[in-house]
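*Asks:* I'll drop the sequence and a predicted model, then ask my questions.
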Amino acid sequence: MTGFRVLPAGAPRARVRRGAWLLGTLVVVCGLLAWWLVPRTGPQPSGTVRLATGVRTGVYERYGQLLKERVSDDLPEVSLALRHSQGSVDNIEQIVSGKADFTITAADALADYRDRHGKNASRIRACARLYDDYMQLVVPRGSRVRSAKDLRGLRVGVGQRRSGVSLVTARLLEAAGLDMDEDVEAVRAGIDRMPGLLAEGKLDAFFWSGGLPTAAVTQLAKKTPIRLVQLGDLVTELHRQQPRMRYYRAAVMPADAYPKVQRGESVKTVAIANLLVTTDSTDDALTEGITRSVIDSRDQIGGQVHAAQKVDLRTAIYTDPVPLHDGAEHYYRSAKP
């Protein structure tokens with residue numbers, strides 16, 4: 001006879017097994033897609049949530065104030081309480097110790113804390129990459145300083161001890177061939193004090209790491225003639241010190257960052273990414289909600305904090321050196337690009 005094909009005796013059974021396997025796989029895939037894409041249900045986040053920011057006149061502080069307003073709309077049962085700090089290093093210590101639930105910190109400070117095997121370093125998780133901080137070396141307009149190498153023997157504001165400013169300043173001075181503790185007169189002050197000290201003639205220069213523009217620098221320029229010193233000549237030396245320095249990138253402060261200061265000229269410098277972070281013990285739904293507020297408020301906050309305009313859904317997931325929190329990951333998988 002023709003037109004018929006004799007199947008092996010075990011063929012129907014094999015087909016059944018294969019069909020069952022495919023069905024099982026489909027169920028698992030659908031389950032994962034549902035977890036990733038379907039909005040969470042259940043109790044809404046509530047209670048007081050603590051966000052460590054920074055010194056009172058810094059960009060972290062202003063960003064935190066505006067985010068607090070947005071969270072009150074997006075998560076009406078959540079009260080965001082701001083905690084002042086010395087900066088990135090202090091902020092990390094606050095979340096790992098449980099004094100704060102969320103914070104903003106620079107990527108280099110996170111990497112340094114992890115590399116030093118800081119307490120609970122492995123438990124730090126990210127919500128989003130926010131915006132870049134730009135290193136700013138501020139001097140009186142008539143200063144002879146044209147490079148960080150010219151700071152030897154001068155009174156230099158280097159940030160508070162537990163700030164990210166202090167960390168990166170020490171590294172920049174090292175790249176310039178200087179030791180922060182021996183070759184300059186290091187003044188441990190934050191952006192809330194350094195501009196005033198410079199205006200009063202008590203500082204010859206100060207370093208600041210912040211988004212552009214930083215209000216304290218803008219205000220200083222209104223009453224005191226100042227100049228921004230380029231730091232671009234240190235980039236090659238920084239890159240020679242990899243991997244410790246891999247979180248610093250060459251950058252340019254645009255000419256309109258501080259128009260009164262720059263007079264139409266851009267300034268070469270170094271930039272560092274900022275991250276919003278928490279720990280793995282933070283509730284998934286709360287983390288997802290905070291992350292959503294951060295991304296959705298870009299234009300609202302960016303109208304007052306220019307740096308926040310750089311927050312972007314497409315780049316927010318790049319949070320090296322720490323992984324995303326599960327709640328944040330759920331948000332990104334469900335959000336429309």
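*Replies:* Arrived safely.
*Asks:* could you use CA atoms for every contact and neighbour count after this?
*Replies:* Fine.
*Asks:* what ranges do the strands span in the stretch 101-250 of the chain?
*Replies:* If DSSP state E, counting those that start in this stretch is used as the criterion, the strands of the stretch 101-250 of the chain fall at 102-106, 124-140, 155-157, 185-187, 205-210, 226-229, 248-253.
*Asks:* closest to residue 332 out of those strands?
*Replies:* When the strands of the stretch 101-250 of the chain are ranked by distance to residue 332, counting by C-alpha to C-alpha, first place goes to strand 124-140 at 9.7 Å.
*Asks:* give me the angle between the closest one and strand 102-106.
*Replies:* Strand 124-140 and strand 102-106 are oriented at 50 degrees to each other (axes from the mean of the first three to the mean of the last three C-alpha atoms, to 10 degrees).
*Asks:* related to what we said a few turns ago, okay, the strands of the stretch 101-250 of the chain, which one's buried deepest?
*Replies:* Each of the strands of the stretch 101-250 of the chain was assessed for mean neighbour count using mean count of other C-alpha atoms under 10 Å. The highest is strand 102-106, with a mean of 28.
*Asks:* and that one, C-alpha only, in PDB?
*Replies:* This file holds the C-alpha atoms of strand 102-106, laid out as PDB (Å, rounded to 0.1, in the frame of the first residue of the first chain):
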ATOM      1  CA  PHE A 102      17.000  55.300  50.600                       C
ATOM      2  CA  THR A 103      19.800  57.700  49.700                       C
ATOM      3  CA  ILE A 104      21.600  59.300  46.800                       C
ATOM      4  CA  THR A 105      25.300  58.600  46.400                       C
ATOM      5  CA  ALA A 106      28.100  58.700  43.900                       C
END
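*Asks:* thinking again about what came up before, let's have the strands of the stretch 101-250 of the chain in CSV, adding mean pLDDT and distance to residue 69.
*Replies:* Shown next, in CSV, are these (pLDDT from 0 to 100; distance: least, C-alpha to C-alpha, whole Å):
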stretch, mean pLDDT, distance to residue 69
strand 102-106, 97, 16
strand 124-140, 97, 18
strand 155-157, 98, 33
strand 185-187, 98, 35
strand 205-210, 96, 22
strand 226-229, 98, 33
strand 248-253, 96, 29
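*Asks:* could you dump those strands to TSV with distance to residue 321?
*Replies:* As requested, those are arranged in TSV below (distance: least, C-alpha to C-alpha, whole Å):
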stretch	distance to residue 321
strand 102-106	10
strand 124-140	9
strand 155-157	28
strand 185-187	29
strand 205-210	19
strand 226-229	29
strand 248-253	13
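*Asks:* and those: which comes nearest residue 238?
*Replies:* Residue 238 sits nearest to strand 248-253 of all the strands of the stretch 101-250 of the chain, at 7.9 Å, using C-alpha to C-alpha.
*Asks:* and the helix or strand following that closest one, what does it pack against?
*Replies:* The C-terminal neighbour of strand 248-253 among helices and strands, as given by DSSP states H and E, is helix 259-262. Using 3 or more C-alpha pairs under 8 Å, 6 or more residues apart in numbering; DSSP states H and E as the contact criterion, the neighbours of helix 259-262 among helices and strands are helix 215-223, strand 226-229.
*Asks:* relative to residue 192, which of the ones you listed is closest?
*Replies:* Relative to residue 192, the nearest member of the helices and strands packed on helix 259-262 by C-alpha to C-alpha is helix 215-223, separated by 7.4 Å.
*Asks:* for the closest one, buried residues please.
*Replies:* Buried positions in helix 215-223, judged by neighbour count with 16 or more other C-alpha atoms under 10 Å: 215-218, 220-221.
*Asks:* turn those into TSV, columns for distance to residue 72 and pLDDT.
*Replies:* Supplementary listing: these in TSV, determined by distance: C-alpha to C-alpha, whole Å; pLDDT from 0 to 100:
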residue	distance to residue 72	pLDDT
215	25	91
216	27	94
217	30	96
218	30	96
220	33	97
221	35	97
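*Asks:* can you tell me which of the residues you listed is nearest residue 282?
*Replies:* Each of those was scored against residue 282 by C-alpha to C-alpha, and residue 215 proved nearest at 32.2 Å.
*Asks:* among the strands of the stretch 101-250 of the chain, which comes closest to residue 91?
*Replies:* strand 102-106 (6.1 Å).
*Asks:* give the full set of residues in contact with residue 81.
*Replies:* With contacts taken as C-alpha atoms under 8 Å, 6 or more residues apart in numbering, residue 81 has the following neighbours: 48-51, 68.
*Asks:* just the buried subset of those, written out for PyMOL, thanks.
*Replies:* The following PyMOL line selects those of those that are buried, judged by 16+ other C-alpha under 10 Å:
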select buried, resi 50+51+68
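*Asks:* including pLDDT, secondary structure and distance to residue 84, could the contacts of residue 81 go into TSV?
*Replies:* Written out in TSV, the entries for the contacts of residue 81 read as follows (pLDDT from 0 to 100; DSSP: H, G, I helix; E, B strand; the rest coil; distance: C-alpha to C-alpha, whole Å):
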residue	pLDDT	secondary structure	distance to residue 84
48	97	strand	16
49	98	strand	14
50	98	strand	10
51	98	strand	9
68	96	helix	14
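*Asks:* ok, now which ones touch residue 271?
*Replies:* By C-alpha under 8 Å, 6+ apart, residue 271 lies in contact with 132-135, 248-251.
*Asks:* in which helix or strand does it reside?
*Replies:* Residue 271 belongs to strand 267-279 when elements are defined using DSSP H and E.
*Asks:* and the next element down the chain from that strand?
*Replies:* Moving toward the C-terminus from strand 267-279, the first helix or strand encountered (DSSP H and E) is helix 284-296.
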